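>>> Provided below are the primary sequence and the corresponding predicted coordinates.
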Amino acid sequence: QVQLVESGGGLVQTGGSLRLSCAASGGIFSTYAMGWFRQAPGKEREFVVAINWSGGSTYYADSVKGRFTISRDNAKNTVYLQMNGLKPEDTAVYYCAARYSVTNYPPSDPSWYNYWGQGTQVTVSS
């Protein structure tokens, strides 16, 4: 069983930055594809970005491309989401997700992932 714990959320002004972390335990982290998703009040969970097991392939939603950067440190069992140029529409609960897979193309479909963290709130004020 894999446990995921997100941290790093908070309140930031428009244009500011935050760095989210997702620490994993209970599995072989280097064999998991990881994703970040977000959910705003009254909206469906939305794909943000995914990274393959090695960190060599990343896929971004168009809405965050050029502003957000995903990375992973397999030695620390942690995946990061650096968020720059934050906008009010980025306000949401951010979740990390994982699935055992050595695919180089982790999908954006949240149903593909079978482990989820509890989420961390990101609020961007205008």
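Done, it's in. Numbering: from 1, shown residues only.
>>> May I ask which helix or strand encompasses the spatially most central residue of the chain?
Centroid-nearest residue in the chain, with C-alpha atoms, centre = their mean: Trp36, separated by 2.3 Å. Taking DSSP states H and E as the criterion, Trp36 maps to strand 32-39.
>>> just the CA coordinates of the helix or strand following that strand, formatted as PDB?
The C-terminal neighbour of strand 32-39 among helices and strands, as given by DSSP H and E, is strand 46-51. Output of strand 46-51 as PDB, limited to C-alpha atoms (Å, rounded to 0.1, in the frame of the first residue of the first chain):
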ATOM      1  CA  GLU A  46      -8.600  18.400 -13.300                       C
ATOM      2  CA  PHE A  47      -5.300  17.100 -14.600                       C
ATOM      3  CA  VAL A  48      -2.400  19.400 -14.000                       C
ATOM      4  CA  VAL A  49       0.800  17.500 -14.900                       C
ATOM      5  CA  ALA A  50       2.200  14.000 -14.900                       C
ATOM      6  CA  ILE A  51       5.700  12.500 -14.800                       C
END
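>>> circling back: wait, what's in contact with the nearest residue to the residue nearest to the centre of the chain once chain neighbours are set aside?
Of all residues not flanking Trp36 in the chain, Val48 sits nearest, at 4.3 Å (C-beta to C-beta, 6 or more residues apart in numbering). Heads up, the C-betas are built off the backbone N, CA and C, glycines and all. Counting by C-beta atoms under 8 Å, 6 or more residues apart in numbering, Val48 touches Gly35, Trp36, Phe37, Arg38, Tyr60, Ala61, Val64, Phe68, Leu81, Tyr94.
>>> In these, find the pair that's most separated.
Tyr60 and Tyr94 (14.2 Å; C-beta to C-beta).
>>> neighbour-wise, which of the two wins?
Neighbour tally, Tyr60 and Tyr94, criterion other C-beta atoms under 10 Å: the higher count belongs to Tyr94, 23 against 19.
>>> That one touches Leu20, doesn't it?
Yes - using C-beta atoms under 8 Å, Tyr94 is in contact with Leu20, at 5.8 Å.
>>> Now list whatever residues contact both of those two.
With C-beta under 8 Å, 6+ apart as the test, Tyr94 and Leu20 both reach Glu6, Gly9, Trp36, Leu81, Thr120, Val122.
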